[in-house]
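> sequence-free structure coming up:
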């Protein structure tokens, strides 16, 4: 039952606060469902407007833009106020959806995806940032739970909608629907979101870091379209070098993306971030799973869409169970076991890839992907606590925890770009592409057990009493 002192679900969803809850949760739901809506529709999209070689770029463009905007949420909220911030977020998301809906070719579609990503990154951040400003304190916990739940709902809504449109052989109406929803929510924002005061930003924009990071991801993405061989290797090396330069710059930069304590000697935060990065790396396979499902398994767009969401569904559900763990020994096993389970799930899914599989094999595809996602979910809540525990200052602890989502988005962007390279190297055989992509990602996931072990050895893994993290 609800504790009246803490507010109730009936109050949050009642006439007084329901419109605000709809905006906060609706923005996150649009961001979450859009990811799976698009991956479900990608085979139909490239079949219509071409651009198979840029398949991975549809996710990379979205993720890179989301990384940038997610780091600007606080700044935009402070300098522009809550209403303007939300109108900007929904406006950009709607504009990007509009550009995608009318795109004649893959180039324009990618531009739309980037604009969508920028707006989506703002929506995801504002969904949490506005809880304190738009609702009374007694409803904060319920509102946070509602917003967090939208990622799980998006796991179902996105593939369902994308698969339904794909089943009909159309994709543009799906993006027109997103335009309409964004417009409706903008009207609701004007009516219900309380205005907040504006102030000067407290810190500079980490411009150099953002440029280095974007350039690094862009170079890896370019590797998926240049001729295979020496050119691919050169572009990948340049991307790797830019990534190293980004890390080196972050160590001494006054305006940085990551908290300064990340690089302090004797602190466990760097191992937390490395583990988060490895877990996030597994997400890079999602964009191609519906494609493999349709080409190898001959699945309908609807079923292939759900197959693509199986990994994230495993993540969303498992973290709700894992967060209940209280024994230190169990928590430590979950942290180390997370990357291992992710690796085993991806490796098993790779081993099951065949042309024209039997129904029981397809069923095992869902099971292995769900297990891989569970590897992310069982470790993630406890990584948040490890981030808190790795520093003593309360303000730095908050920054350290916030950095987890930033690292997750950065790693997701890199993995989406690398996934495109690996799939290209396996062409023209979809089976070879699937084996190469999933095997490499399984190896990377297994390597994540080392930084996870270092977290455990540092002694910062404690009771999971922090809020759950979401993607």
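Looks like it arrived, so ask away. Predicted model, so just to flag it, every value in this text is computed and none were measured.
> okay, CA-based contacts and neighbour counts for the rest of this
Will do.
> residue contacts, residue 379?
319, 322, 334, 335, 336, 337, 338 (C-alpha atoms under 8 Å, 6 or more residues apart in numbering).
> Likewise for residue 34?
By C-alpha under 8 Å, 6+ apart, the neighbours of residue 34 are 154, 158.
> what's the pLDDT at residue 187?
Here, the pLDDT recorded for residue 187 equals 91.
> can you check residue 286 too?
For residue 286, the predicted pLDDT is 80.
> try the one 4 residues further on
pLDDT for residue 290: 87.
> and the spatially closest residue to it that is not a sequence neighbour, which of the three is it?
Counting by C-alpha to C-alpha, 6 or more residues apart in numbering, residue 290 lies nearest to residue 304, which is 4.6 Å off, once chain neighbours are set aside. Under DSSP: H, G, I helix; E, B strand; the rest coil, residue 304 falls in the helix class.
> what does residue 299 give?
coil.
> give me the low-pLDDT residue ranges for the stretch 1-150 of the chain?
1-7, 132, 141, 145, 148-149 (pLDDT under 70).
> now with 90?
Scanning the stretch 1-150 of the chain for pLDDT under 90 picks out the ranges 1-44, 46-47, 50-85, 120-150.
> how about the helices of it, start to end?
With helices called from DSSP state H, counting those that start in this stretch, the stretch 1-150 of the chain shows them at 9-12, 18-49, 57-70, 73-80, 82-102, 106-129, 131-134, 140-167.
> Enumerate the positions of stretch 429-439 that are buried.
The neighbour-count check on stretch 429-439 (16 or more other C-alpha atoms under 10 Å) flags 430, 431, 432, 433, 434, 435, 436, 437, 438, 439 as buried.
> Contacts only, for the fifth one.
With contacts defined as C-alpha under 8 Å, 6+ apart, the neighbours of residue 434 are 292, 350, 353, 423, 426.
> what does the first one give?
Under the criterion of C-alpha under 8 Å, 6+ apart, the neighbours of residue 430 are 292, 295, 296, 423.
> Please tell me I have it right and the residue nearest to residue 290 contacts residue 293.
Yes - because the distance of 5.2 Å satisfies C-alpha atoms under 8 Å, residue 304 is recorded as touching residue 293.
> Dump the buried residues of stretch 429-439 to JSON lines, plus secondary structure, pLDDT and distance to residue 312.
Output for the buried residues of stretch 429-439, formatted as JSON lines (DSSP: H, G, I helix; E, B strand; the rest coil; pLDDT from 0 to 100; distance: C-alpha to C-alpha, whole Å):
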{"residue": "430", "secondary structure": "helix", "pLDDT": "89", "distance to residue 312": "23"}
{"residue": "431", "secondary structure": "helix", "pLDDT": "93", "distance to residue 312": "23"}
{"residue": "432", "secondary structure": "helix", "pLDDT": "92", "distance to residue 312": "24"}
{"residue": "433", "secondary structure": "helix", "pLDDT": "92", "distance to residue 312": "21"}
{"residue": "434", "secondary structure": "helix", "pLDDT": "93", "distance to residue 312": "19"}
{"residue": "435", "secondary structure": "helix", "pLDDT": "94", "distance to residue 312": "20"}
{"residue": "436", "secondary structure": "helix", "pLDDT": "94", "distance to residue 312": "21"}
{"residue": "437", "secondary structure": "helix", "pLDDT": "94", "distance to residue 312": "18"}
{"residue": "438", "secondary structure": "helix", "pLDDT": "94", "distance to residue 312": "16"}
{"residue": "439", "secondary structure": "helix", "pLDDT": "95", "distance to residue 312": "19"}
